[in-house]
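In: Can you look at this prediction? I've put the sequence above it.
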Amino acid sequence: MGLKRRGGNEGGSGGDGKNIVYVNLEEGVEYEARLVYVADLGLHKNDYKGELKPDVQKIALGFEFMGETVEIDEVVTPKMLWDNPFNIYHTLTEKGTELVKFKIFDKTAEDGDIADWDSVLGTPVTITVKHVKDKKDPTKFYDNINSIEPIPKKFQKGIAKAELTVAVGDSEDKDNEATKALYGLTQWMYDRRVVEGGRVDPVSGLEGDIRQDDEDIPF
């Protein structure tokens, strides 16, 4: 269906009452994973060094880890992690994060291209994780994506297929598979998006709040 670009051309516990049994991944180990979700997090206020810039769109990438699982409300499902959200524009730019991320999946991508995220859904990669302590409970820590590396095509054949339904999200469609899978930092970013009329979505409780990305976010 394609990612709807909205901006200008300028360059543990689920926290929702669910019972989650989660075994942390190991740091430094290369895990095989597949890109299963590209979530549209909507438009966001863009306050750069005190100067209010045009609203900017953010997306996040979600990865299923092959052979790894998590138990949610006694249901075992594939384990997946979200990479940190990043800004996107109408085209790729050398100054932007999207070009760096997209080149993991398509090494031919260049400045000025339009990233076709639909075309790379399901692509396998290797991922390493890092552990980040929970600010509220130092005895607990979260798995964060540390690095994402491409796998040469000649080695991709034997990698297990994804069990999750791949999807490119739409911030206006809360029933999209990518949107429904949001949690943690990605959920927080989605909840503080700018909606019609130029206001911050009231579900966040942060109307008028333009704090930057990961302030006060535990992971």
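Out: Yes, it's here.
In: Which of the three states applies to residue 170?
Out: coil (DSSP: H, G, I helix; E, B strand; the rest coil).
In: so what's the residue nearest the centre of the chain bridging to?
Out: By CA atoms, centre = their mean, the mean C-alpha position of the chain lies nearest to residue 60, the distance being 2.5 Å. Per DSSP bridges, residues listed as beta-bridge partners of residue 60: residue 39.
In: Surely it and residue 85 touch.
Out: Yes - if you go by CB atoms under 8 Å, residue 60 and residue 85 touch, sitting 4.4 Å apart. C-betas here are computed from N, CA, C, even on glycine.
In: Identify the contacts common to the two.
Out: 41, 186, 189 (CB atoms under 8 Å, 6 or more residues apart in numbering).
In: I figured residue 179 was touching residue 39, is that so?
Out: Yes - at 6.2 Å, residue 179 counts as touching residue 39 under the criterion of CB under 8 Å.
In: Mutual contacts of the two, please.
Out: Shared contacts of residue 179 and residue 39, counting by CB under 8 Å, 6+ apart, come down to 169, 190.
In: top helix in this structure by residue count?
Out: helix 184-191 (DSSP state H).
In: Next SSE downstream of it?
Out: strand 194-195 (DSSP states H and E).
In: Remind me what that following strand packs against, helices and strands.
Out: If contacts are counted by 3 or more CB pairs under 8 Å, 6 or more residues apart in numbering; DSSP states H and E, strand 194-195 sits against strand 31-48.
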